[in-house]
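In: Quick one, fold the following:
(one chain, ligands or ions: 1)
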Amino acid sequence: PRSIVIVGGGLAAAHAVESLRDMDYAGRLALVAREQHLPYERPPLSKGYLAGNDDRDALFPHDAGWYRDNDVTLRIGTAVTDLQLSERVAVLDDGTSLGYDRLLIATGASPRTLQVPGISHAVTLRTIDDSERLRAAFQQGGRLVVIGAGWIGLEVAATARQAGMEVTVLEAADRPLGAVFGPVLADHLARVHAKNGVTIHTGVRIEAVTEHGVVTSDDTFEADLVLLGVGATPTSGLAESAGLAVDNGILVDERLMSSDPYVYAAGDVANARNTVLGQHLRVEHWDNAIRQGKLAGRTMLGIDDSYDWLPYFFTDQFDFSMEYVGRSSPDDEVVLRGDIDGGAFVAWWLRDGVVTAGMNVNVWDVNDAIRAAIGKPATEIPDLG
Ligand code: FAD
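Out: Predicted coordinates:
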């Protein structure tokens, strides 16, 4: 290809650019990003950066000089509004357009909302600006109500609590993160939060958000600040209106090629075929955005490669720091090794006696060994805890 356009300014985009130049791609390369920032890391936005502990510059994998040195045309603060697939043209919201031989869509995901009255009183967390606004609203003794006990909701709950807020989490399901963890580990995480003074209510139905708090089907929770953390949806409207195949994200094959051979997708927006799992999977995690970004860079150049990496993610909430690898179901059997009461242990998920996933909690440098055990019989679980 002589001209490549990358749409979206997240990690998938940044790593696609990096891998293209690493592979000695010497053609034109443009990055079109809607936010007024260079691509950046989002995990700190609910953790260290939200707490005010991290340096802002550390969020950016590359600075402006790096893009200049790598001859990348930056269109920051600009969105692609239309794709004309047959002409291979991307139309931008400033009225200009860019032709391409290959185009990567890495538009990420956007916070989901709730259809209840007054929801505009709640804030969401996706961007640096959201994180800075949230931090500015933290105050000693202030009351935060978090709607949704997912990753972001629980991380913000922990950070806000450590900043001196009174924190209540309202969850619709009967456990926090139960759909990922299953009951035993979800209850462990709930205890970590309770021990640190976060109140989690489960089985809650939200009826309204007001200026003063949250109204549920059987209670009212007063709040100075309400965070809505009920998940994200793929930002795939552009792909859909262009006529690309979209089903829970942009459908791409194991090379990350979409239903149009000149258009690829990577990161949170991509529902990609995973060759290890033998199925399509959309993953909303940091490691996946980096790896798919790099892979798309290679495959757009015609290099034969495929996505064969099991999902991996991490979280930090109070003294619960973990890495998870694999893909479990909530009804898989869970085996714990180590000191769960002391908080340092390894959890294994099993289905029909075969390892589906593993998680190291406050035990380090074992994640590769856990990854290697996935797909093996339970009898071969290594002693790591
Ligand atoms: P994004 O980071 O969403 O970037 C997409 C970008 O494209 C956005 O800037 C968007 O504005 C832009 N865009 C959208 N449409 C257009 C358009 N039409 N034209 C131009 N630009 C457009 N993962 C973990 O594994 N561990 C964690 O601890 C963790 N913590 C997280 C904490 C927070 C607060 C958040 C929000 C996410 C966290 N994640 C974590 C998830 C991880 O950050 C995401 O998986 C990752 O950011 C996805 O990268 P991406 O490049 O696919 O998309």
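In: Hmm, residue 168 is touching residue 202, no?
Out: No: the pair residue 168 / residue 202 is not scored as a contact, 11.9 Å apart, by Cβ atoms under 8 Å. C-beta: built from backbone N, CA, C; applies to glycine.
In: more neighbours, those two?
Out: residue 168 (20 against 16; other Cβ atoms under 10 Å).
In: mind checking which helix or strand that one is in?
Out: Under the criterion of DSSP states H and E, residue 168 resides in strand 166-170.
In: could you dump the lengthiest helix in the chain to PDB, C-alpha only?
Out: Ranked by residue count and defined by DSSP state H, the top helix of the chain is helix 286-300. Provided in PDB are the C-alpha atoms of helix 286-300 (Å, rounded to 0.1, in the frame of the first residue of the first chain):
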ATOM      1  CA  TRP A 286      -5.700  -2.800  27.200                       C
ATOM      2  CA  ASP A 287      -3.500  -5.800  26.100                       C
ATOM      3  CA  ASN A 288      -5.900  -6.700  23.300                       C
ATOM      4  CA  ALA A 289      -5.900  -3.100  22.000                       C
ATOM      5  CA  ILE A 290      -2.100  -3.100  21.800                       C
ATOM      6  CA  ARG A 291      -1.700  -6.600  20.300                       C
ATOM      7  CA  GLN A 292      -4.400  -6.100  17.700                       C
ATOM      8  CA  GLY A 293      -3.100  -2.700  16.800                       C
ATOM      9  CA  LYS A 294       0.300  -4.200  16.100                       C
ATOM     10  CA  LEU A 295      -1.100  -7.100  14.300                       C
ATOM     11  CA  ALA A 296      -3.300  -4.900  12.000                       C
ATOM     12  CA  GLY A 297      -0.100  -3.000  11.200                       C
ATOM     13  CA  ARG A 298       1.500  -6.200   9.900                       C
ATOM     14  CA  THR A 299      -1.500  -7.700   8.200                       C
ATOM     15  CA  MET A 300      -2.300  -4.400   6.400                       C
END
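In: on that earlier part again, any shared contact partners between residue 168 and residue 202?
Out: Shared contacts of residue 168 and residue 202, defined by Cβ atoms under 8 Å, 6 or more residues apart in numbering, are absent.
In: Residue 113: what's its closest spatial neighbour, skipping adjacent residues?
Out: Spatial nearest neighbour of residue 113, chain neighbours left out: residue 119 (5.9 Å); criterion: Cβ to Cβ, 6 or more residues apart in numbering.
In: do residue 383 as well
Out: Closest to residue 383 by Cβ to Cβ, 6+ apart is residue 337, at 7.0 Å.
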